[in-house]
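Q: structure for the following, please:
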Amino acid sequence: MSPAGASPVHGDLLYEGKAKRVFASDRVDRVVVEFKNDATAFNAQKKAQLDDKGRLNCQISARLFELLEAKGIPSHYVGLVSDTWMVVQRVEIIPLEVVLRNVATGSLCRQTPIEEGTAIEPALLDLYYKDDSLGDPLLTEARVKLLGLVDDTQMTAIEGLARRINAVLVPFFADLDLQLVDFKLELGFNADGQLLLADEISPDTCRFWDRRSSDAQDRILDKDRFRKDLGGVMKAYGEVLKRVQSACPEPRKSL
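A: Numbering: from 1, shown residues only. You can find the predicted model right below:
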């Protein structure tokens, strides 16, 4: 286990995204992921460096991956290496962003007459084409088929896995006085062809509303604080970690 925040031994940089770097490891079926302090919004049109963001997201994600694993939901997560690094299975990411919406807000309210705060039951599942150059457009089922991104069997598996994840996370966060408004998932296939949850689960990819606050702005504990210039971004992320830690104290380590 590397010291807190230290860079572990790793191979070549394989990929760098907006929030993470992915490096080769000493095993062909695993990679090492570094969580960065970079913050982006509006398809990276807005950017900033936020101290401690990488650590907070890494620690939150590790605990949530282990929570889901205990409920029988497979992910790419293997274990933590340090405060900001984790080892994961190498997966081929499906070029779809899978969004589950439990409460109406954001683009759903901008694009439809649905009022903000409207409960959605069952959760709405939206699919977006993962392509920054195209602005990650919303897809219909017919467009998913036209693009040949996944077949019918895979699409059924994707929706089933996403809804299982939602079914675990909604009550988990409710017990922490957090409302899981909506969240984005990335999924992929490992070397054995198994469908796995990948990427991260954090305030970067989820909307959390604090049930302990009645103020429409103060209750926001996610990246919307950065998007909307509300301030207190890292304080909000830290509060999410604090509550998650109360239920999931210590994630496992990967040597």
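Q: can I see the domain layout of this structure?
A: 13-89, 92-233 (automatic domain parsing).
Q: just name the most buried of the ones you listed.
A: Here the criterion is mean neighbour count by mean count of other C-beta atoms under 10 Å, and of the domains of the chain the winner is domain 13-89, at a mean of 18. Just so you know, the C-beta spots here come from the backbone N, C-alpha and C atoms, and that holds for glycine as well.
Q: thinking again about what came up before, just put the domains of the chain in a markdown table and tack on distance to residue 251.
A: Shown next, in a markdown table, are these (distance: least, C-beta to C-beta, whole Å):
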| stretch | distance to residue 251 |
| --- | --- |
| domain 13-89 | 4 |
| domain 92-233 | 13 |
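Q: now for those, which one comes closest to residue 244?
A: Among those, the nearest to residue 244 by C-beta to C-beta is domain 13-89 (5.2 Å).
Q: all helices of the stretch 151-255 of the chain, in order?
A: 152-174, 224-227, 233-247 (DSSP state H, counting those that start in this stretch).
Q: in terms of secondary structure, what does the second one contact?
A: It stands for helix 224-227. Secondary-structure packing of helix 224-227 (3 or more C-beta pairs under 8 Å, 6 or more residues apart in numbering; DSSP states H and E): strand 38-41, strand 46-49, helix 233-247.
Q: next one: it to chain centre, how far?
A: 16 Å (C-alpha atoms, centre = their mean, to the nearest Å).
Q: now it: average pLDDT?
A: For helix 224-227, mean pLDDT is 97.
Q: need the residues that contact that helix.
A: For helix 224-227, contacts defined as C-beta atoms under 8 Å, 6 or more residues apart in numbering pick out 39, 41-42, 46, 48, 50, 106, 207, 230-233, 236.
Q: so among the residues you listed, where is pLDDT lowest?
A: Among these, residue 42 carries the weakest pLDDT, at 88.
Q: could you list the low-pLDDT ranges of the protein?
A: Where the chain drops to pLDDT under 70, the residues are 1-6, 255.
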